[in-house]
Every structure is written in structure tokens, then in C-alpha cells.
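K.L.:
just to be clear, the model below is a prediction. Sequence and coordinates:
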Amino acid sequence: MSNEEREPQDQVCPSTRTADVQVFEPREVPLGGPRAMTVRRTLPHRDRSFIGAWCFVDHYGPSDVAETGGMHVPPHPHSALQTVSWLFEGEVEHHDSGGWHAFVRPGEVNLMTAGAGIAHSEVSTSETTTLHGVQLWVVLPEADRDLPRRLQHHAAADVELADGVRGRVFMGELGGQTSPIETATPLLGAEIHLAPGTKWTISADPTFEHGVLLDSGDLTVEGQAVGAGSLAVLDSGPDELHLESRDGARLMLIGGTPYDEEIVMWWNFIGRDHDEIATLREQWQAQAERFGTVSGYDGGRDWLPAPGLPGGRLRPRGRMGKTA
């Protein structure tokens, strides 16, 4: 999904911290025009840019498509990242300049690798009445930033991970379940359902940072309450995580090894400095071959123009926010 903000700005989201957990509250961001779909964004945050190589977390819905117009994103670009689309409800049709045509449905992950450049469109289908899901981005490390364009699809099995715990592991490994999705850095991604009264001790990889995004219900992470739409973040080190729900919960669990490179992330581009972002924008505006052509999209607008760059220079970000 595109970041359709016309004037993208740094994220300023409130957060709270205990000794073990930092909780980021969501910031509402409208995507598009007057009937824009609103998303709740928790990453990037002014205090943290990454969880592993996860660099972007948008959470949306449930929304009535008849009222909101659903998702209708014309062809738009990406660079040096992978997009991860996951739905709880609804259906989204995907076309990209690598020639792939696919549908995103609940329980099925689409991971698109942009590499040096790709363009794609995303449109909720006519059968969709309610749209509800998450859009996540993964930054590609310097050594892999020019990977070939690629789309991977996987229907994750709904399995019992522990007493009172069901889940779909769509990336990495958890509870004996392994996803075939290939990534450039070690990552974990799973949709988790906790039954009422569940206390779950997760055997965790101590080299991973973890994030827990609460979609619905009630949740505590390491004893810290997490509100709906909020993202709990845990640094690497512990070999166990402790989640508890009184009334039941649905959540997204993500993780990965710490990402220590610096990047500039602006609009739909990831680069290493301001000049590279400016070049990417210029090439997209000129419809350069770098991003290719999307076939199969018939939404009335051929492509989504980039917003103007800010007046000052964009500064790189490391794991814990902006570099001076």
C-alpha cells in the first residue's frame, strides 16, 4: 500500500515505557482525498525506526467500504524495501510492474520485493464489504537493496500454538510452524488469537527484537497494558515473552534481528541520503523505466504523482531515530 500523504512528515506518536516494554500509541493518517481511508500508524516513530528490519506498520479498519470507498491506490513506486500485505477481512487485488497479478485475502500473505524499483496498484474488490488489515514494510539491507522484483504468496495454516493460542505464521518460525517466505534478514510475522483467560509464555529467539500490535481485545505484554491499535516493542535479549489476555485478543507479532544501517524513508522510497531520494522522486515523476509499467489496472488514474520534497534536507535515521 502507498503512503498517499501529500506532505509526508516525521511521525510524532506518544509512547510509554516500562523496564522491558515500550508502547507506541497510533497516529491517525488519512490516505488520499476527501473519502480517504484512515490508517493508524505506529512505526516509524520518533524514538524508533525499526523492529528488526520492519520499518513501517499501518493498521486499518474494520471499515465499511460503502462509506469509505475502500482501498483504491493507483500505480505507485517503491524502492529498497519489501511490502507485506495482511488482511483480517476483505479482499484486495494487486498488479505490479514485475508482471504479477494476485489477490490478498485473509490468512494469505503477499510479500513484494521492490529492489531497485517497482510500481504496483492495490484495489479492494467489488465483493469486499468490510476492509480490515495491516500493511507492513521491511527495509532491505545495503547488500540486497537491488534484489530483482519479486512477489511471494503464502496461505498460512491456522494452527494451535499452545493452550488457548491459535495463530498463522506467515513469516519465519514460531511454535514449530515455519513459513516458506524468503527474506533478506531473519524475520518473524504471525497473526495470533488468544482465548479469554490465556497466559502465553513464548519461547523467543534472544537475538530478535519483537513488536506486538493489538488489533482487538485486551492485552498485557510483560505486565504492561497495551491498548487497541498500539504497538508494544521489546528489545533483543530475553528468551521468553509473556502475553496475557483477560477477555481474548487478536494481535500481530513481528520480530527480527536488529537492523543497524541508516536510511532515509520518505513517501514510498527508501534511500541512503537526501540526494538519492530526490533522484528517485525525479525518476518516478518522469515515469522512468526504473519502476516499470503496471498492466491490468483500470482505475481511471494511470499513476500516483509524488508529493513535493520538503524545504530542508532529509536526514538519515538509525534504529533509535534521527541521526544528527
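P.N.:
Thanks, I have the structure now. Numbering: from 1, shown residues only.

K.L.:
what about residue 118, how many residues close to it?
P.N.:
Residues within reach of residue 118, counting by other Cβ atoms under 10 Å, total 27. No exception for glycine: its C-beta is placed from N, CA and C like everyone else's.

K.L.:
read off the pLDDT value for the nearest residue to it once chain neighbours are set aside.
P.N.:
Distance criterion Cβ to Cβ, 6 or more residues apart in numbering; nearest residue to residue 118, sequence neighbours excluded, is residue 149 at 4.9 Å. At residue 149, the pLDDT value in this model is 98.

K.L.:
which ones are touching residue 149?
P.N.:
Listed by Cβ atoms under 8 Å, 6 or more residues apart in numbering, the contact set of residue 149 reads 96-98, 112-115, 118, 292.

K.L.:
closest to the centroid, which residue in this protein?
P.N.:
Centroid-nearest residue in the chain: residue 136, 0.9 Å away (criterion: Cα atoms, centre = their mean).

K.L.:
three-state assignment of residue 225?
P.N.:
Recorded secondary structure, residue 225: strand (DSSP: H, G, I helix; E, B strand; the rest coil).

K.L.:
tell me the bridge partners for it.
P.N.:
Here residue 225 sits in beta bridges with residue 220, as judged by DSSP bridges.

K.L.:
now the helices for the stretch 1-150 of the chain?
P.N.:
Assigned by DSSP state H, counting those that start in this stretch, the helices in the stretch 1-150 of the chain fall at 65-68.

K.L.:
which stretches of the stretch 51-200 of the chain have low pLDDT?
P.N.:
Low-confidence segments of the stretch 51-200 of the chain (pLDDT under 70): none present.

K.L.:
could you say which helix or strand holds residue 278?
P.N.:
Secondary structure from DSSP states H and E places residue 278 in helix 274-285.

K.L.:
elements contacting that helix?
P.N.:
In terms of contacts (3 or more Cβ pairs under 8 Å, 6 or more residues apart in numbering; DSSP states H and E), helix 274-285 is packed against strand 264-266, strand 269-271.

K.L.:
closest to residue 127 out of those?
P.N.:
With Cβ to Cβ as the measure, strand 269-271 is the member of the helices and strands packed on helix 274-285 nearest residue 127 (32.5 Å).

K.L.:
tell me how far that closest one is from the chain's mean position?
P.N.:
Computed by Cα atoms, centre = their mean, to the nearest Å, the chain-centroid distance of strand 269-271 equals 15 Å.

K.L.:
report all helices and strands that that strand contacts.
P.N.:
helix 274-285.

K.L.:
run through who's touching the helix it packs on.
P.N.:
77, 79, 117, 264, 266-267, 269, 271, 290-291, 305-306, 309, 313-315.

K.L.:
mind checking which of the residues you listed are buried?
P.N.:
Applying 16 or more other Cβ atoms under 10 Å to the contacts of helix 274-285, the neighbour count classes 77, 79, 117, 264, 266-267, 269, 271, 290-291, 306, 309, 314 as buried.

K.L.:
output these as TSV; include the columns distance to residue 277.
P.N.:
Listed next are the buried ones among the contacts of helix 274-285 as TSV, based on distance: Cβ to Cβ, whole Å:
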residue	distance to residue 277
77	12
79	9
117	13
264	5
266	5
267	8
269	6
271	5
290	14
291	14
306	10
309	7
314	6
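
K.L.:
quick check: most distant residue from the centroid of this protein.
P.N.:
Distance to the chain centre peaks in the chain at residue 197, reaching 28.9 Å (criterion: Cα atoms, centre = their mean).

K.L.:
my read: it touches residue 246, true?
P.N.:
Yes: in this structure, residue 197 is within contact of residue 246 by Cβ atoms under 8 Å, at 6.8 Å.

K.L.:
so where do the strands sit in the stretch 1-150 of the chain?
P.N.:
Ranges of strands within the stretch 1-150 of the chain are 15-17, 22-24, 27-31, 37-43, 54-64, 72-78, 81-89, 92-96, 101-104, 108-113, 118-124, 130-139, 150-155, based on DSSP state E, counting those that start in this stretch.

K.L.:
could you identify which of the ones you listed is most buried?
P.N.:
strand 118-124 (a mean of 25; mean count of other Cβ atoms under 10 Å).
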